[in-house]
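Next come a sequence and a model predicted from it.
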Amino acid sequence: MNKTVALDTAAPYIKAPLIYKGKVRELYDLGEHYLIVVTDRISAFDYVLKPAVPDKGNALNMLSRFWFEQTASIQPNHVVHADIEKLAGIVTEPELLKNRFLVTRKAQRIDIECVVRGYITGGGWRQYQQTGMINGIPLPAGIRKNERFAEPLFTPAAKNDVGHDEDIPFERMKELIGAELAEDLRAKSLKLYQFAHDYCEKRGIILADTKFEFGLIDGQVILIDELFTPDSSRFWAKENYALDTEIDSMDKEPVRTYLASSGWDKNSEPDPLPASVVEATSQRYNDIFQRLAK
Ligand SMILES: Nc1ncnc2c1ncn2[C@@H]1O[C@H](COP(=O)(O)OP(=O)(O)O)[C@@H](O)[C@H]1O
Ligand SMILES: [Mg+2]
């Protein structure tokens, strides 16, 4: 594959109906299954930036694929296969698409983002500063930014089709989907987080927090969407870990740094990213894949 060409959309290469186009991923309907394609698009602050980042989609997809395999014995997931040969007649550019997709079962999505936080940072840190709590969970005073929690916290968000997901207390999650299912998803989420946290630690990476989505198929709880990718998780290189600072994220840091310096107001179409930023970001996504899954 030509490494300098980024995939902005897979639509011209797929003979199946495109039923959902997210900021990064595309969902095609294969009848019994979905075909989920990860493009090279990149987003920040709810904007899709220009241009796309070469090979970012491969790295994201191969990470998800890796983690679904690693966790299959502890939690059933939606993956059916990732075999491009089985898509002959549907995918017209197999070389381009072969590492960028998963064929999955169709689940009835549970509209909760199951967030687990092992460290206090990002949105959790903001909540704590404002209220002394995270998703209604009271925390002791004096916690410092990026500190590790004694026990990981489960901090769900209600998925909202319009606008942003809403942080909710666990009690509210119980009202929304039933106590038994809520307890089950919390236990599953904490177990998955622990598994990946321990794995990453051995590779010199801290999994600070992550998000899962679950669905139901024939009454069974199935892990769906993506798993432990930099788009759904916050990874820190151990050597960068420090309290009270903003720790480099392993993926979009070059983009964030550039956007901060460019004076963009986050409320209008941003200028295209410079080639050097695109190149550095592509490298970052590849590095994180190599460090975790090789
Ligand atoms: N197996 C599945 N069954 C049903 N829905 C799924 C499955 N896997 C992923 N999804 C849904 O597909 C969508 C993928 O969109 P995504 O790329 O995350 O875009 P965005 O988050 O920008 O809307 C999400 O709404 C996710 O919940
Ligand atoms: Mg999503």
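Nice, thanks for sending it over. Ligands and ions are numbered 1, 2, ... in the order given.

only C-alpha atoms for contact and neighbour calcs from this point on.
Fine.

Next, the closest residue to Lys174 other than its chain neighbours: secondary structure please.
Among residues not flanking Lys174 along the chain, Ala182 sits closest, at 5.4 Å (Cα to Cα, 6 or more residues apart in numbering). Here Ala182 is recorded as helix under DSSP: H, G, I helix; E, B strand; the rest coil.

Surely Ala6 is within a strand?
No: counting by three-state DSSP, Ala6 falls outside a strand, being coil.

From what I see, it and Asp55 are in contact.
Yes: counting by Cα atoms under 8 Å, Ala6 sits close enough to Asp55 to count as a contact (6.6 Å).

Show me whatever sits in contact with both of the two.
Taking Cα atoms under 8 Å, 6 or more residues apart in numbering as the criterion, Ala6 and Asp55 both touch Asp40.

Give me the mean pLDDT for stretch 22-35.
Confidence for stretch 22-35, expressed as mean pLDDT, is 97.

May I see the buried residues of that stretch?
23-30, 33-35 (16 or more other Cα atoms under 10 Å).

repeat for stretch 232-242
Neighbour-count burial for stretch 232-242 flags 232-237, 241 (criterion: 16+ other Cα under 10 Å).

for stretch 195-215, same thing?
In stretch 195-215, counting by 16+ other Cα under 10 Å, buried: 196-197, 200, 205-215.

with those in mind, which one is nearest to Asp46?
Distance to Asp46 across the buried residues of stretch 195-215 (Cα to Cα) is lowest for Lys211, with 17.2 Å.

If the closest one is in a bridge, with which residues?
Val115 (DSSP bridges).

So which bits of the stretch 101-250 of the chain are right by ligand 1?
104-109, 224-225 (Cα under 6 Å from any ligand atom).

If we use 8 Å, what do you get?
The stretch 101-250 of the chain has residues 104-109, 111, 213, 215, 223-226 near ligand 1, with proximity defined as Cα under 8 Å from any ligand atom.

What is the neighbour count of Asp244?
11 (other Cα atoms under 10 Å).

before we move on, back to that, was I right about the residue nearest to Lys174 contacting Lys188?
No: if you go by Cα under 8 Å, Ala182 and Lys188 don't touch, sitting 9.9 Å apart.

quick one: which of these two has more around it?
Neighbours were counted for Ala182 and for Lys188 using other Cα under 10 Å; Ala182 has more, 21 against 18.

would CSV of the residues of the stretch 101-250 of the chain next to ligand 1 with pLDDT and secondary structure be doable?
CSV is the format used below for those (pLDDT from 0 to 100; DSSP: H, G, I helix; E, B strand; the rest coil):
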residue, pLDDT, secondary structure
Thr104, 98, strand
Arg105, 98, strand
Lys106, 98, coil
Ala107, 98, coil
Gln108, 98, strand
Arg109, 97, strand
Asp111, 97, coil
Glu213, 98, strand
Gly215, 98, strand
Leu223, 98, strand
Ile224, 98, strand
Asp225, 98, coil
Glu226, 98, coil
